[in-house]
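Student: Sequence unavailable; structure follows:
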């Protein structure tokens, strides 16, 4: 019920255009970069996907994070405007289901924009580089991992937006977190586990099976997978706890 209700709510907001428009803008980076400077990257060593992500992913990831923060603020602004969230609490539905409905909707659209960006990277790989049979499996694995690393940032963005009734406060906090994450030392494994820093990590070594991450040579997918699951559980528990505490003071 809550998910279908969230889908109806976004029809009256700029949620969908902001998400898709930002995702398309991010997907244009590798296309424009290769169209203008293809000779710089074609001659470099390594797999095409690694070369393209190394050149473009930092900016693409930052745009993705800014999109998540913006749409989180938009989707919760509709709840706090005119005390709509208080009216929703009178319905026979748990308040936490509102958060999880928004979370599912956000993650579905995040998969969509990452798929669009994956298509852009795949097109660049086939068009400007020599294609290989391993290219498509590597592309699917890479963007599957990038999706996994983006989940904690999406949940944290929604949590911040749910805590702050003023949309501009949650927007400012989110932007500060994103720019802080972008300036963290890339070789510090502990700092790379910050939810907003995780999407900036680029998995490499897919074709050889020796998965690692740029800036975290001793990192493995299994360790990042455990960290992501732990952060998701912590953020979900924090949201439920926050809702219970807020309800007791209202």
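Tutor: That came through, no problem. As the structure is a computational prediction, the values presented were derived from the model and not from experiment.

Student: so what's the closest residue to residue 184 other than its chain neighbours scoring on pLDDT?
Tutor: Nearest non-adjacent residue to residue 184, counting by Cβ to Cβ, 6 or more residues apart in numbering: residue 191, 4.5 Å away. C-beta coordinates here come from the backbone N, C-alpha and C atoms, glycine included. In this model, residue 191 is scored at 85, pLDDT.

Student: So which residue is smack in the middle of this protein?
Tutor: residue 150 (3.6 Å; Cα atoms, centre = their mean).

Student: if we can go back for a sec, what separation do you get for the residue nearest to residue 184 and residue 224?
Tutor: According to Cβ to Cβ, to the nearest Å, residue 191 and residue 224 sit 14 Å apart.

Student: in this protein, what spans have low per-residue confidence?
Tutor: 1-3, 5, 12, 82-93, 204-220, 249-250 (pLDDT under 70).

Student: which residue ranges form the helices in this structure?
Tutor: Per DSSP state H, the chain carries helices over the ranges 2-9, 15-42, 48-80, 84-88, 95-128, 135-163, 167-182, 221-249.

Student: Does residue 192 touch residue 184 like I think?
Tutor: Yes - using Cβ atoms under 8 Å, residue 192 is in contact with residue 184, at 7.0 Å.

Student: From the neighbour counts alone, determine which of these two ranks first.
Tutor: residue 192 (23 against 16; other Cβ atoms under 10 Å).

Student: Mind checking which of residue 191 and residue 224 has more residues around it?
Tutor: When residue 191 and residue 224 are compared for neighbours, residue 224 comes out ahead with 22 against 15, by other Cβ under 10 Å.
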